[in-house]
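Novice: Kindly return the folded structure for what I paste below:
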Amino acid sequence: MDLILLIAVSFGASWLTFFCGFGLGTMLTPVFYLLFKDMTLAIAATAIVHFLNNVFKFLLMKRSVNWSVAIPFGVAAIPAAFIGAFLATQIDNQIIYGYELFGRNMQVDLLNFVFGLILVAFALVELVPAWSIAFSKKSLWLGGLISGFFGGLSGHQGALRTAFLIKYNLKKEVFIATGIMVALVIDVVRTSVYATSFDYAAISENWWLILLSLLGALVGAITGKLFLKKIKLEMLNVVVAIAMLVFGVTLAGGILN
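Specialist: Take a look at the predicted model:
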């Protein structure tokens with residue numbers, strides 16, 4: 001049953017992530033923790049799947065990348081991701097409050113709370129026309145710095161990257177491909193830093209579980225591309241905004257911790 005759950009979550013999260021640009025790492029880490037009973041190993045396994053899945057998605061979509069957007073965004077994200085990843089290995093995330101929900105004790109940590117509120121704000125700006133913001137080309141550097149830093153610090157780089165890129169009114173193929181390119185750059189940086197704390201022996205012992213998850217994620221990515229032509233840009237924008245809103249609320253509320 002656990003293996004079925006691993007494959008199903010890998011497939012479903014990868015399929016959804018193909019369109020919205022975020023969610024795979026957040027949904028996959030708890031499943032790996034359920035299997036390994038070790039959070040460090042779960043994070044390491046998730047990072048491997050996340051990175052290789054982004055490599056595969058880049059190969060699928062590389063012809064649609066808008067390099068004039070991806071380059072400044074990615075260049076700004078590199079040092080920010082390194083700083084965030086380094087801090088993640090040095091600081092203890094503080095629990096700021098807890099509560100009970102349906103008999104389960106929920107704990108909200110500071111990073112997820114702040115990150116969740118930022119996502120809710122971006123989602124509302126996208127969903128409420130009167131609050132719409134038009135970003136200039138200079139904002140690409142700001143977007144790269146913010147998404148890169150949070151990507152390194154907590155692993156939640158996708159949602160903030162998407163929140164910036166969606167404001168540039170890119171064609172859906174270009175929007176998805178450019179996001180994948182930037183995600184890959186940030187993944188390379190943060191995975192390199194995280195690697196210093198990886199337990200390679202434990203990872204090698206569980207290589208087949210990581211492989212199963214990766215295969216599920218790759219099939220999800222392929223299926224996502226097949227559905228891409230059937231999804232209209234307006235629908236994609238709404239789906240992404242709603243996903244950011246739900247993701248932000250659940251993070252700030254401690255539900256995804």
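Novice: how about low-confidence regions in the stretch 51-200 of the chain?
Specialist: Scanning the stretch 51-200 of the chain with the threshold set as pLDDT under 70 gives 89, 91-93, 102-103, 125-126, 129-138, 154-156, 197-200.
Novice: which residues in it form strands?
Specialist: With DSSP state E, counting those that start in this stretch as the definition, the stretch 51-200 of the chain shows strands at residue ranges 95-101, 104-109.
Novice: so can I have a markdown table of these showing distance to Lys62 and mean neighbour count?
Specialist: For glycine as for every other residue, the C-beta is placed from the backbone atoms N, C-alpha and C. Supplementary listing: the strands of the stretch 51-200 of the chain in a markdown table, determined by distance: least, C-beta to C-beta, whole Å; neighbours: other C-beta atoms under 10 Å:
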| stretch | distance to Lys62 | mean neighbour count |
| --- | --- | --- |
| strand 95-101 | 41 | 11 |
| strand 104-109 | 36 | 14 |
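Novice: Spell out the residue ranges of the helices in the stretch 101-250 of the chain.
Specialist: In the stretch 101-250 of the chain, the helices defined using DSSP state H, counting those that start in this stretch lie at 110-127, 139-154, 157-165, 172-194, 200-205, 207-228, 233-252.
Novice: Just put those helices in CSV and tack on mean neighbour count and distance to Ser64.
Specialist: Below are the helices of the stretch 101-250 of the chain laid out as CSV (neighbours: other C-beta atoms under 10 Å; distance: least, C-beta to C-beta, whole Å):
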stretch, mean neighbour count, distance to Ser64
helix 110-127, 19, 22
helix 139-154, 23, 18
helix 157-165, 27, 13
helix 172-194, 22, 4
helix 200-205, 11, 33
helix 207-228, 18, 10
helix 233-252, 18, 13
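Novice: closest one to Ala44 among the ones you listed?
Specialist: For those, the distance to Ala44 is smallest for helix 200-205, at 5.9 Å, taking C-beta to C-beta.
Novice: Contacts only, for the nearest residue to Pro79 once chain neighbours are set aside.
Specialist: What sits nearest to Pro79 in space, not counting adjacent residues and going by C-beta to C-beta, 6 or more residues apart in numbering, is Gly148, at 7.5 Å. Under the criterion of C-beta atoms under 8 Å, 6 or more residues apart in numbering, the contact partners of Gly148 comprise Ala76, Ala77, Ile78, Pro79, Ala80, Ala81, Gly84, Gln157, Ile186, Val189.
Novice: Of the helices of the stretch 101-250 of the chain, which is nearest Asp38?
Specialist: In this view, those are compared for proximity to Asp38 by C-beta to C-beta, and helix 200-205 is the closest at 7.2 Å.
Novice: Contacts for that closest one, please.
Specialist: In this structure, residues lying in contact with helix 200-205 by C-beta under 8 Å, 6+ apart are Phe36, Asp38, Leu41, Ala44, Ala45, Ile48, Ile210.
Novice: Now do the helix or strand containing the third one against helix 157-165, angle only.
Specialist: So that's Leu41. Counting by DSSP states H and E, the element that carries Leu41 is helix 39-61. Between the axis of helix 39-61 and that of helix 157-165 there is an angle of 40 degrees, by axes from the mean of the first three to the mean of the last three C-alpha atoms, to 10 degrees.
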